[in-house]
Every structure is written in C-alpha cells, then in structure tokens.
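1. Take a look and give me a structure for this.
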Amino acid sequence: QVQLVESGGGLVQPGGSLRLSCAASGITFSIYDMGWYRQAPGKQREWVATITSGSGSSTNYADSVKGRFTISRDNVKKMVYLQMNSLKPEDTAVYYCNAAFRTDRGKPYEYWGQGTQVTVSS
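-> Prediction:
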C-alpha cells in the first residue's frame with residue numbers, strides 16, 4: 001500500500017518560514033520524481049516544485065516560488081522536503097506531495113498525499 005504523508009503545515013506570518021515534509025512508503029522511493037503542488041481556495045491545483053529521481057537529482061520551481069522555496073530529498077529516509085522562506089499571503093494553500101514514475105514502456109505511476117494546510121497571515 002502506497003502512502004505519502006505530509007506534515008509541517010501551519011499558520012505563519014508574512015515573511016516567515018515553514019518546512020514541509022513528506023514521508024513515503026510502499027514505493028521504491030529513489031526511482032520516483034517527487035514534487036510539491038498546492039491548491040488555494042477556489043483555484044486549481046498548481047505545480048510548485050519537482051526533484052528528480054536518483055542521487056544526482058535536479059530541481060525545478062514555479063516562477064512564483066523560485067528563490068524562496070527549496071525542495072530536497074533523502075532517499076534513505078524516503079522523505080521529501082519543501083523549505084519555504086519569505087512566505088507571502090498568496091502562498092496560502094493546501095500543499096500536496098506527489099510521487100511520479102514512468103516505466104520504460106511508458107506506463108505511468110502517480111501517487112498523492114492527503115495535503116497539509118499552509119496559511120500565511122498576520
């Protein structure tokens with residue numbers, strides 16, 4: 001059974017920081033690209049950041065978070081993290097962890113966590 005469990009959300013003032021964590025189980029973690037997405041009230045879910053599989057992982061960020069957020073992974077602990085600095089009210093959303101893998105034949109595997117709420121407000 002695959003599980004992605006997010007934690008670390010909460011209420012923070014503008015300019016503050018939070019670190020989200022996602023614990024994965026039931027998958028061969030190291031072969032999955034891991035990502036963070038978010039969904040604000042009344043809006044569609046949007047991509048935030050991705051870190052590719054393996055030990056020499058590369059990262060990509062949405063323009064809205066570039067320079068403020070950092071994604072990282074620990075393949076031994078099967079964890080992925082999102083360090084969020086200089087938070088803005090517009091970062092308020094439910095943040096979701098995502099695991100994605102495609103076989104050599106193109107069969108996709110994708111899993112989602114249940115989400116963790118981040119609220120940026122004074």
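2. Report the beta-bridge partners for the residue nearest the centre of the chain.
-> Ranked by distance to the mean C-alpha position of the chain (CA atoms, centre = their mean), the top residue is residue 36 at 2.3 Å. Under the criterion DSSP bridges, residue 36 forms beta bridges with residue 49, residue 97.
3. any low-confidence regions in the protein?
-> 56 (pLDDT under 70).
4. Which residue of it lies farthest from its centroid?
-> residue 105 (26.3 Å).
5. Check which helix or strand that residue maps to.
-> Taking DSSP states H and E as the definition, residue 105 sits outside all helices and strands.
6. Tell me how far it lies from residue 90.
-> 40 Å (CB to CB, to the nearest Å). Bear in mind the C-beta positions are built from the backbone N, C-alpha and C, glycine included.
7. same thing with residue 40?
-> According to CB to CB, residue 40 and residue 90 sit 8 Å apart.
8. do residue 55 as well
-> Counting by CB to CB - residue 55 and residue 90 are separated by 34 Å.
9. Then residue 19?
-> In terms of CB to CB, residue 19 sits 19 Å off from residue 90.
10. residues contacting the closest residue in space to residue 59 that isn't next to it in sequence?
-> Nearest residue to residue 59, sequence neighbours excluded (CB to CB, 6 or more residues apart in numbering): residue 51, at 5.0 Å. With contact taken as CB atoms under 8 Å, 6 or more residues apart in numbering, residue 51 is in contact with 33-35, 57-59, 71-73, 80.
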